[in-house]
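Engineer: sharing a model prediction with you, sequence too.
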Amino acid sequence: MSTQLLNGVRVVEMTEVWAGPMGSSLLGDLGADVVRLESFPRPPALSRPLREGNAAPGDGPPYERAGSHHLANRNKRNIAVNIRTEDGAELMRRLAGSVDVLIEGYSAGTIDGLGFGWSVLREINPNLVMISMPGWGVEGPYKGYATLGSGLEATLGHTLVRGYPDGPPGHVPTMYHTDATGAVGLVTAVIAGLLRREATGEGCFIDLSQAEAWSWQLAGLQAEWTMNQRLPERLGNVDPHVVPHGCYRAAGGEAGDESWVVVAAENDSQWGGVARALGHPEWAESGHPWASITGRLRARDDIDAALAAYVGERLAEDAATSISEAGGIAAPVIHHIGLMTSPQLQARDWLETVTHQYVGTRQLPGFLWRIEPDAPSWDRVCALVGEHNVEVLGELGYSAEQVEAMLASGAIGDRYGA
Amino acid sequence: MSQPFEGVRIVEVGDSIAVAGATKVLGDYGAQVTKVETRGGGELRRAGPFRGDVPDVNGGAYHLALDTGKRSIVLDHDTPSGLEVLTRLGERSDVVVLHQPAAAGLRLAEAFERLGDGGPSVVTMSVHGLEGPFAERRENDLSLFAWSNRMLRHSFDDQEPMRYSAHVATLQWASTATAVTAATIWGRRHDGVRRRVDVAGVEALAGSVDNWFVPWSFTGANTPRPAAPSRAAFPPPTLRATDGYLAISAANEPFFSRFCAGIGHPELAQDPRFTDAAQKADHYDEFMQHVDAYLATHTRDEAFRELQSFGVMIAPILDVGEAFENEQARVRGSYVQVEQPGFGTHTIAGAPFRLEDGWEAGPAPDLGQHTHEVLSEIGYTVDEEIALFRAGVTG
């Protein structure tokens, strides 16, 4: 009999911004029983703008209606606990004693200060896999320092290589990429920890630095320095060895005034496609100065101008389709609506339609992967604060009266104050 | 202590940065990864930079970083003879990870499925998925990013959207495939069921948390792209100290109060000129006079340390060379040296997470270095091996 891949794995997560919540939801997508332990009596200051920003209209509290909160907290149950109270701490100990995996995302050292460091939790549950995922890792001179993804990117050297080639340093649009790398990296780390536990018969601790979780993907930048003692340059969309390789403004399209198209040709065959689409097949015929890779490198500005003119007269989707169908590389730089209008994503029925008591029926991005048999499913919409207090505490042996008393005392909660 | 994925056998097919990235972390944590490559090597081995700017299929940056500890065989699996070898290799493996054009990927996936319940789990990677109207489109790192709904936001208003840096989008897709491949390995150990997994690059990127589709879907409103860093939110995300720049997130409470205290002016956090949303933009320059006075007497690292001690989220903006010398990276050993035969000592990024004795990066294989070893292992005789080589099926 088959089941979802992580069926039977019990996880508790205490994370906020966004690698931890998202990664934990991915574990839920894979079939793990994930309990989100919310901070109570209030969410951490760090997460409030993210949790309440961009809230859907509706009657419920704004902290239950934010889109990213819903995306990154699906397929979990939710309990809200003040672990600084005696009863909350006892609940935390019982929970840690009952699960396979505990994930925490406080600044390095904070969990120890709260009395739930690895040395304590391993005594409570010798089979526990514990993962701490502060930005720069648990140990080291930055211990205790706080950061968002922008700080991680800064110390890896990436901030200085993105942005406009002629712009001042650090003049860059916001990016949250480290949250995406941290999320999938967390899934791999959890499974590595579970495999280690299976091999040794005892739990283990994993120190996941979100900076290091991304660093291995910057191999090209790093090699400029390690191999050639050069600092990589800001290139924008330029690839020094591929022409064309750029982004061109369209006359319009689904993104309206923001309609752009990327075009590239990595080899002569793809260039042939671009040339045909532009109505100049002779540009790719032997003898023409643009027919060869080196000829195109020498003619970068002229080819960019030809593409800018072509794309500039067309709708983004039309230009991209023409070039792509002729054999070149081209894509519209899609606006959000592109995820709904894409014939490909429609054919794959990718978006998920989710109904929630406070936000109504909304569309959310679909799963990161397809699995057969045992496809992922959106079994639980984003849970309310403390929605599963009674259920989870009951599983841990608390009576209904005890739960009621803890609610009354504020050790647990089911709503945030103003 | 054994590595977590020790005993797991993975076959990687596709010659690409995406597929090499997908198996790298599993290999570094103990899986035996066998790369099936084309004669002459493909995209991965041809991606620079190269030392001394001399192209070399055994010396490219992505090959050295992503092929750590793997085996390499050269095999033309488009021929019936090559497909037989590949199938036999797959039969002795736990997982095959494939990155092929859609039709070819489907063909190979089906070939492994014909092995029945004892065959490997199959993970296919393609930018758009194996089926659908875009399945056969050629894409690259740039166009993947354009399709992902991330690129449009990586721009200032009315300016060209940009990618992050080379292959960052592709490797996010790859690490998504790593995660689900790891789950596939775990799941099969427990229920014995082999799975077929499909990881489409566009979905892997557009489905993660850093997108603007969700706010749009929830509010119906388009989040405007800023024309430049805002004057209504301060301190701005980038600050300049005496000798370099800092990245900071302190525009909201309680971080704003901490920042004001950190620069020696706690009273600013109580001043409505700087706290009232309606007034802030008009008083940006006044506020920044205080900030600039502080920064004029602090180096980048002094400001970083001091403001962090006040609980401010701030970080030095380092260049790539400085990143290697960064104190945190040095103390943690965030970068490691690999002895690469024929190349010498090479420095790459270390473990993505720390599990005691779990991670090790071996040297990257030369193209076809293990063809003989692997063919022998899966039962080919000397004469069969010579015949395959002579016909150009192996190399």
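Structural biologist: That came through, no problem. Numbers count the residues shown, from 1 in each chain, chains lettered A, B, ... in the order given.
Engineer: ends of stretch B:98-105, how far apart?
Structural biologist: 7 Å (CA to CA, to the nearest Å).
Engineer: contacts for that stretch, please.
Structural biologist: The contact list for stretch B:98-105 (CB atoms under 8 Å, 6 or more residues apart in numbering or on different chains) reads B:13-16, B:18-19, B:22, B:78, B:108-109, B:122-126, B:128-131, B:135-136. Using the backbone N, CA and C atoms, a C-beta is placed for each residue, glycine as well.
Engineer: where does pLDDT dip in chain A?
Structural biologist: A:1-2, A:418 (pLDDT under 70).
Engineer: longest strand anywhere in it?
Structural biologist: When chain A is parsed with DSSP state E, its longest strand is strand A:33-39.
Engineer: what about that strand, near chain B?
Structural biologist: No. Remark: strand A:33-39 sits outside contact range of chain B, by CB under 8 Å from any CB of the partner chain, the gap being at least 13.6 Å.
Engineer: after that strand comes which helix or strand?
Structural biologist: helix A:48-52 (DSSP states H and E).
Engineer: quick one on the thing from earlier: of the contacts of stretch B:98-105, which belong to helices?
Structural biologist: B:Ala18, B:Val19, B:Ala22, B:Leu108, B:Ala109 (DSSP state H).
Engineer: correct me, but the fourth one touches B:Val36?
Structural biologist: Translated: B:Leu108. No. In this structure, B:Leu108 is not within contact of B:Val36 by CB atoms under 8 Å, at 10.1 Å.
Engineer: where do the strands sit along the chain?
Structural biologist: Going with chain A. A:10-14, A:33-39, A:77-81, A:101-104, A:129-132, A:204-207, A:245-249, A:260-264, A:329-332, A:352-356, A:360-364, A:370-372, A:412-413.
Engineer: could you do chain B instead?
Structural biologist: B:9-13, B:32-37, B:71-74, B:95-99, B:121-126, B:196-200, B:238-241, B:244-249, B:313-316, B:335-340, B:344-349.
Engineer: so what strands line up beside the second one?
Structural biologist: It stands for strand B:32-37. strand B:9-13 (parallel), strand B:71-74 (parallel) (DSSP bridges).
Engineer: turn those into CSV, including mean neighbour count.
Structural biologist: CSV is the format used below for the strands paired with strand B:32-37 (neighbours: other CB atoms under 10 Å in any protein chain shown):
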stretch, mean neighbour count
strand B:9-13, 25
strand B:71-74, 23
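Engineer: in TSV, list the ones you listed along with mean pLDDT.
Structural biologist: Below are those laid out as TSV (pLDDT from 0 to 100):
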stretch	mean pLDDT
strand B:9-13	98
strand B:71-74	98
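Engineer: of all the ones you listed, which lies closest to B:Gly41?
Structural biologist: B:Gly41 sits nearest to strand B:71-74 of all the strands paired with strand B:32-37, at 8.4 Å, using CB to CB.
Engineer: rewinding a little: which among the strands of chain B is found nearest to A:Glu86?
Structural biologist: strand B:313-316 (31.5 Å).
Engineer: helices or strands up against the closest one?
Structural biologist: In terms of contacts (3 or more CB pairs under 8 Å, 6 or more residues apart in numbering or on different chains; DSSP states H and E), strand B:313-316 is packed against helix A:149-156, strand B:244-249, helix B:300-309.
Engineer: ranking those by burial, who's on top?
Structural biologist: helix A:149-156 (a mean of 27; mean count of other CB atoms under 10 Å in any protein chain shown).
Engineer: count the neighbours of the closest residue to A:Thr353 other than its chain neighbours for me.
Structural biologist: Closest residue in space to A:Thr353, ignoring its immediate chain neighbours: A:Gln363 at 5.6 Å, by CB to CB, 6 or more residues apart in numbering or on different chains. A:Gln363 has 16 neighbours, counted by other CB atoms under 10 Å in any protein chain shown.
Engineer: send me the longest helix along chain A as CSV with only the CA atoms.
Structural biologist: Ordering each helix of chain A by length in residues (DSSP H) puts helix A:177-200 first. Listed next in CSV are the C-alpha coordinates belonging to helix A:177-200 (Å, rounded to 0.1, in the frame of the first residue of the first chain):
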residue,chain,number,x,y,z
HIS,A,177,15.3,34.5,-2.8
THR,A,178,17.0,33.2,0.3
ASP,A,179,13.6,32.3,1.7
ALA,A,180,12.9,30.1,-1.3
THR,A,181,16.4,28.4,-1.0
GLY,A,182,16.0,28.0,2.7
ALA,A,183,12.5,26.4,2.3
VAL,A,184,13.6,23.6,0.0
GLY,A,185,16.9,23.3,1.8
LEU,A,186,15.0,22.7,5.0
VAL,A,187,13.1,19.8,3.5
THR,A,188,16.4,18.1,2.4
ALA,A,189,17.9,18.7,5.9
VAL,A,190,14.9,17.2,7.6
ILE,A,191,15.1,14.0,5.6
ALA,A,192,18.9,13.8,6.1
GLY,A,193,18.3,14.0,9.8
LEU,A,194,15.6,11.3,9.7
LEU,A,195,17.9,9.0,7.8
ARG,A,196,20.7,9.7,10.3
ARG,A,197,18.4,8.8,13.1
GLU,A,198,17.3,5.6,11.4
ALA,A,199,21.0,4.6,11.0
THR,A,200,22.1,5.4,14.5
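Engineer: re the thing from before, will you turn the helices and strands packed on strand B:313-316 into CSV that also has distance to B:Phe156?
Structural biologist: Converted to CSV, the helices and strands packed on strand B:313-316 look like this (distance: least, CB to CB, whole Å):
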stretch, distance to B:Phe156
helix A:149-156, 16
strand B:244-249, 17
helix B:300-309, 25
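Engineer: please verify my assumption that the residue nearest to A:Thr353 contacts A:Trp350.
Structural biologist: No. Applying CB under 8 Å as the test, A:Gln363 and A:Trp350 come out as separate, 10.2 Å apart.
Engineer: where do the contact lists of these two overlap?
Structural biologist: In contact with both A:Gln363 and A:Trp350: no residue, using CB under 8 Å, 6+ apart.
Engineer: thinking again about what came up before, most neighbours, which of the ones in helices among the contacts of stretch B:98-105?
Structural biologist: Neighbour counts for the ones in helices among the contacts of stretch B:98-105 peak at B:Ala22, which has 31 neighbours (criterion: other CB under 10 Å).
Engineer: my guess is it meets B:Val97, correct?
Structural biologist: Yes. Assessed by CB under 8 Å, B:Ala22 is found in contact with B:Val97 at 5.4 Å.
Engineer: picking that back up, out of the strands of chain B, which is closest to A:Ala55?
Structural biologist: strand B:244-249 (20.7 Å).
Engineer: quick one: residues in contact with that closest one.
Structural biologist: A:147-148, A:150-151, A:153-154, A:159, A:169-170, B:235-240, B:255, B:259, B:299-300, B:303-304, B:307, B:312-317.
Engineer: whichever of those end up buried, select them in PyMOL.
Structural biologist: To isolate the buried members of the contacts of strand B:244-249 in PyMOL, using 16 or more other CB atoms under 10 Å in any protein chain shown:
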select buried, (chain A and resi 147+148+150+151+153+154+159+170) or (chain B and resi 235+236+237+238+239+240+255+259+300+303+304+307+312+313+314+315+316+317)
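Engineer: apart from its chain neighbours, what residue comes closest to the most centrally placed residue in chain B?
Structural biologist: Among the residues of chain B, B:Leu171 comes closest to the average C-alpha position under CA atoms, centre = their mean, at 3.2 Å. Excluding the flanking residues, the one nearest B:Leu171 by CB to CB, 6+ apart is A:Gln217, at 3.9 Å.
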